[in-house]
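Just to be clear, the model below is a prediction. Sequence and coordinates:
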2 protein chains.
Amino acid sequence: MSSQGEQNLVAGNKAYADSFTQGHLALPPSQHYLVLTCMDARIDPASAFGIPLGAAHVIRNAGGNARDALRSLVISQQLLGTKEIVLVKHTGCGMLTFKNEDAQAAVKQNKGYQAFIEVEHLDFQPFPDLEQAVKDDVAWIKGKKIEEGINVSGWVYEVETGKTRRVV
Amino acid sequence: MSSQGEQNLVAGNKAYADSFTQGHLALPPSQHYLVLTCMDARIDPASAFGIPLGAAHVIRNAGGNARDALRSLVISQQLLGTKEIVLVKHTGCGMLTFKNEDAQAAVKQNKGYQAFIEVEHLDFQPFPDLEQAVKDDVAWIKGKKIEEGINVSGWVYEVETGKTRRVV
């Protein structure tokens, strides 16, 4: 049904708030880093990547895409003091399964022309090779003057095993 | 130190993978919804919003901003079948604390002109009023043809109490 998310939130949050003891945490991430990863439903960054509550910003979008995260990266680093990026893409990513033209065609067919023109400017940023995509995003970050002095590492999370391995 | 995030990942992921049993989960979110929330370090969406592993996409950026998430929203909905958006902003958000000019000035002062010109085109999308920002983002989503047929609700998470309340 269409309100499953609301129901999960209400029930899950009641249990969470009833035992909540972390109301004292500060706004700036206490361990001065950020994790950039995919929105994929099979990834739970706090558990899978060992992030204590309050320690790190977590940015998530389709593909764990660096370009799409630029606004958030700059805010995290320049206004809230993070100094490290842990970039994690993953096996079985949806971004490996389509091309820009496919997404545009799906929108036009399913939602009509008025919807299509709302998104025709978008680069959906799919990628054909997972490890290369990690390397490309890390290189893109390192090529930015705004990212000078930021420590960047790139990883792959395996949705089949729960394991993470370093790429760069 | 600058590699705290890497260390957390390696140690945390070893423990996670050692007891991992969810390698069978499918790519499309099993409960057909997505959560859009802030990158804030004090938010653990899976726990605080009751999201089972594999059930929902989780998109996170500075402020839980809808416009900045458009690429991910379209991919989630048009290619991976989600039909509901749970939008959650939060008390104590960094986006309440600055203006675009402040962010641009911080970049120019701290990183220099070459860095500044990389980001001067960005709208950092801060907001002065939390509940109004939730309403504005929900209204923006509902005004898009591409979002027709998607169920949208808007919430505020209280970082002081762990509680979430519905706004719209």
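Received it, and whenever you're ready, just let me know what you need. Since the structure is predicted, the reported quantities are computational estimates derived from the model, not experimental observations.

ok, what's across the strand from the spatially most central residue of chain A?
Nearest to the mean C-alpha position of chain A, by CA atoms, centre = their mean, lies A:Arg60 at 2.1 Å. On the basis of DSSP bridges, A:Arg60 is bridged to A:Thr37, B:Arg60.

Now do the contacts for it.
A:Leu36, A:Thr37, A:Cys38, A:Met39, A:Ile43, A:Pro45, B:Val58, B:Ile59, B:Arg60, B:Asn61 (CB atoms under 8 Å, 6 or more residues apart in numbering or on different chains). Bear in mind the C-beta positions are built from the backbone N, C-alpha and C, glycine included.

cool, A:Phe20 as well?
A:Phe20 is in contact with B:Thr161, B:Gly162, B:Lys163, counting by CB under 8 Å, 6+ apart.

Strands of chain A, residue ranges please.
Counting by DSSP state E, chain A has strands at residues A:33-38, A:56-61, A:84-90, A:151-157, A:164-166.

Pick the most buried one from those.
strand A:56-61 (a mean of 28; mean count of other CB atoms under 10 Å in any protein chain shown).

average pLDDT for that one?
Per-residue pLDDT values over strand A:56-61 give a mean of 98.

okay, the angle between it and strand B:33-38?
Angle of strand A:56-61 versus strand B:33-38, following axes from the mean of the first three to the mean of the last three CA atoms, to 10 degrees, is 130 degrees.

Check whether A:Val107 really touches B:Ile146, as I assumed.
Yes: counting by CB atoms under 8 Å, A:Val107 does reach B:Ile146; the two are 6.7 Å apart.

Pull up the overlap in contacts between these two.
What both A:Val107 and B:Ile146 touch, as defined by CB under 8 Å, 6+ apart, is the set A:Ala115, A:Val119, B:Val74, B:Gln78.

The second one: what's it in contact with?
This means A:Val119. Taking CB under 8 Å, 6+ apart, we find A:Val119 in contact with A:Gln104, A:Val107, B:Leu70, B:Val74, B:Ile146.

Just flag the most distant two among the contacts of A:Arg60.
Using CB to CB, these reach their maximum pairwise distance at A:Ile43 and B:Asn61, which is 15.9 Å.

I'd like the contacts of A:Arg60 laid out as JSON lines, including distance to B:Lys83.
Shown next, in JSON lines, are the contacts of A:Arg60 (distance: CB to CB, whole Å):
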{"residue": "A:Leu36", "distance to B:Lys83": "27"}
{"residue": "A:Thr37", "distance to B:Lys83": "23"}
{"residue": "A:Cys38", "distance to B:Lys83": "20"}
{"residue": "A:Met39", "distance to B:Lys83": "15"}
{"residue": "A:Ile43", "distance to B:Lys83": "21"}
{"residue": "A:Pro45", "distance to B:Lys83": "24"}
{"residue": "B:Val58", "distance to B:Lys83": "16"}
{"residue": "B:Ile59", "distance to B:Lys83": "15"}
{"residue": "B:Arg60", "distance to B:Lys83": "20"}
{"residue": "B:Asn61", "distance to B:Lys83": "21"}
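
and which of the contacts of A:Val119 is nearest to B:Gln4?
Closest approach between the contacts of A:Val119 and B:Gln4, by CB to CB: B:Leu70, at 32.3 Å.

low pLDDT regions in chain A?
Applying pLDDT under 70 to chain A flags residues A:1-2.

Does chain B have contacts with stretch A:141-151?
Yes: using CB under 8 Å from any CB of the partner chain, we find that stretch A:141-151 touches chain B at A:Lys144, A:Lys145, A:Ile146, A:Glu148, A:Asn151.

Contact partners for the nearest residue to the third one once chain neighbours are set aside?
In this case it means A:Ile146. Spatially, and ignoring its direct neighbours in sequence, A:Ile146 is nearest to B:Ala115 (4.2 Å; CB to CB, 6 or more residues apart in numbering or on different chains). Going by CB under 8 Å, 6+ apart, B:Ala115 touches A:Lys144, A:Lys145, A:Ile146, A:Glu148, B:Val107, B:Lys108.
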